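>>> generate coordinates for the sequence data below:
(one chain, ligands or ions: 1)
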Amino acid sequence: MNIIDIIVKKKNKKVLTYEEIKFAVDNYVNGNIKDYQMSSLLMAIVLNGMTEQETIDLTKVMIDSGDKIDLSKINGTIVDKHSTGGVGDKTTLVLAPLVSSVGVKVAKMSGRGLGHTGGTIDKLESIEGFKVTLTNEEFINQVNDIGCAVISQTANIVPADKKLYALRDVTGTTESIPLIASSIMSKKIASGADAIVLDVKVGNGALMKDIDSATKLANLMIKIGKSYNKKTICVLSNMEEPLGKSIGNSLEVLESIETLKGKGPSDLHKLVLTLGSIMTSIALNITEEEAKLKLLESIKTGKALEKFNEFVRMQNGNVNNIQVEENYVSIKSSKDGFIKSIDAYKLGEIARKIGAGRLNKEDEINYGVGIVLNKKVGDYLFENEELLKIYSKHADVNIKEISECFEIVEEKIDKPNLIIDIIE
Ligand code: URA
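Below is the predicted model of the structure:
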């Protein structure tokens, strides 16, 4: 068996066997297959797809590439959550402490940025001192002690995904149903939760651009989950415009803190409550309505924010030191009207180019840079009113490119529907 034959086979739209998939992944992990060969195979998969069986095989090979976490030392039902990725998607930063503050145990492994989408781990690292790696023992102890821990994928858990994810990020190979399904489900299954709630983003700022492909991805992940006896629920949520108002690592942490205080943007608040009610109802065996009331109460009384502070402190972070870039440019509207659309994909790419994400695997992130929107789809604004602020070290932001991300019209525009579907 050799990698060139496997690449050519997929290029010619043939179905790969379990052995071929295992050969390619194992040899990529141990360094025998080079980045340029794996990039070529990934691109062939993006273009020609994989069958359901190939995707299930790929998921298994990825799980078997490393260790599995045993969460049996944590009392209670562990419900994990994962997003397929979006622009301004800081959901985990709010959701993890929020559900944990009402008694749900959260033992979560998160990822870094992928393509134009941001990653929870990069966001957490924008907090001074925050430690994203813990040993398995520290991870489990922390969840038992305070109810919540969020760590980066450790080298030993699905190392295949760790390498493939970083390669996909910089080779234009992110938007593929089998690659996303196997990447997410391998990590969720290896990290040992009892049930999995998936936020499947749909729209121009997401990896899935339309409801049809998002539904396919959701059903595939549910099928993989079921084959490992894990209850899996998918919430399809709108990603036509960025989630909330901030894009960029430390800006998103600050917005998450506001949301935990009950003062955040309404779309983020609603999404967190939807996902949180499902997670809480499964973990505590209560109805979703009862779960939602508990979560709202926790925000109101400040318990949710306290839990966030405790969780950050436990992982060595200093919530009082979250740095935002000082220089910013304010971009204004050229006319009066309602915002019809905001191009989340382009704003995500602009944020990545000014340093909020990576263009090469080795790139260092500039945590303080990013974008803060003043208005969202459906809002009215006057000529010369601020559309957004862009926080960047360099003053050379392309104002025309940014303004073109907004479509402003005379007729009234309704607010978009955030929750598109829930599939189980
Ligand atoms: N999140 C992941 O973990 N993997 C993907 O491929 C996409 C989003």
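>>> ok, residue 370 to residue 252 distance?
According to C-beta to C-beta, to the nearest Å, residue 370 stands 7 Å off from residue 252. All C-beta spots, glycine's among them, are computed from the backbone N, C-alpha and C.
>>> shared neighbours, the two?
Common contacts of residue 370 and residue 252, defined by C-beta atoms under 8 Å, 6 or more residues apart in numbering, comprise residue 246.
>>> need the contact list for residue 173.
Counting by C-beta under 8 Å, 6+ apart, residue 173 makes contact with 39, 42-43, 45-46, 167, 179.
>>> excluding its backbone neighbours, what's nearest it?
residue 42 (4.1 Å; C-beta to C-beta, 6 or more residues apart in numbering).
>>> which element is the one you found on?
Assigning secondary structure by DSSP states H and E places residue 42 in helix 35-48.
>>> what of residue 345?
Going by DSSP H and E, residue 345 is part of helix 344-351.
>>> contact partners of that helix?
Residues from elsewhere that reach helix 344-351 (C-beta under 8 Å, 6+ apart): 86-88, 115-118, 203-206, 239-242, 247-248, 357, 369-371, 390, 397-398, 401-402, 404-405.
>>> C-alpha coordinates for the helix holding residue 42, CSV please?
Extracted in CSV, the C-alpha atoms of helix 35-48 (Å, rounded to 0.1, in the frame of the first residue of the first chain):
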residue,chain,number,x,y,z
ASP,A,35,1.9,17.5,4.9
TYR,A,36,1.9,17.9,1.1
GLN,A,37,0.7,14.4,0.5
MET,A,38,-2.0,14.6,3.2
SER,A,39,-3.1,18.0,1.9
SER,A,40,-3.6,16.4,-1.5
LEU,A,41,-5.7,13.6,-0.1
LEU,A,42,-7.8,16.0,2.0
MET,A,43,-8.5,18.1,-1.1
ALA,A,44,-9.5,15.0,-3.0
ILE,A,45,-11.9,14.2,-0.1
VAL,A,46,-13.3,17.8,-0.1
LEU,A,47,-14.0,17.6,-3.9
ASN,A,48,-15.2,14.0,-4.2
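>>> start the count at 48, not 1, going forward
Let's use 48 as the start, then, which means that last one is helix 82-95.
>>> following it, which helix or strand comes up?
Downstream of helix 82-95 (by DSSP H and E), the next one is helix 99-111.
>>> that next one and the ligand in contact?
No - applying C-beta under 6 Å from any ligand atom, one finds helix 99-111 separated from the ligand by no less than 10.7 Å.
>>> what sits against residue 124?
Residue 124 sits next to 152, 241-242, 329-330, 332 when contact means C-beta under 8 Å, 6+ apart.
>>> surely residue 141 and residue 307 touch.
Yes - with contact defined as C-beta atoms under 8 Å, residue 141 counts as touching residue 307 (5.8 Å).
>>> find residues that contact each of these two.
With C-beta under 8 Å, 6+ apart, residue 141 and residue 307 have common neighbours residue 355.
>>> now stretch 121-139: mean pLDDT?
Mean pLDDT, computed over stretch 121-139, is 93.
>>> is it positioned near the ligand?
Yes - applying C-beta under 6 Å from any ligand atom, one finds stretch 121-139 touching the ligand at 131-132.
>>> up against the ligand, what does this structure have?
The chain comes close to the ligand at residues 131-132, 158, 161, 226-227, 230-231, as judged by C-beta under 6 Å from any ligand atom.
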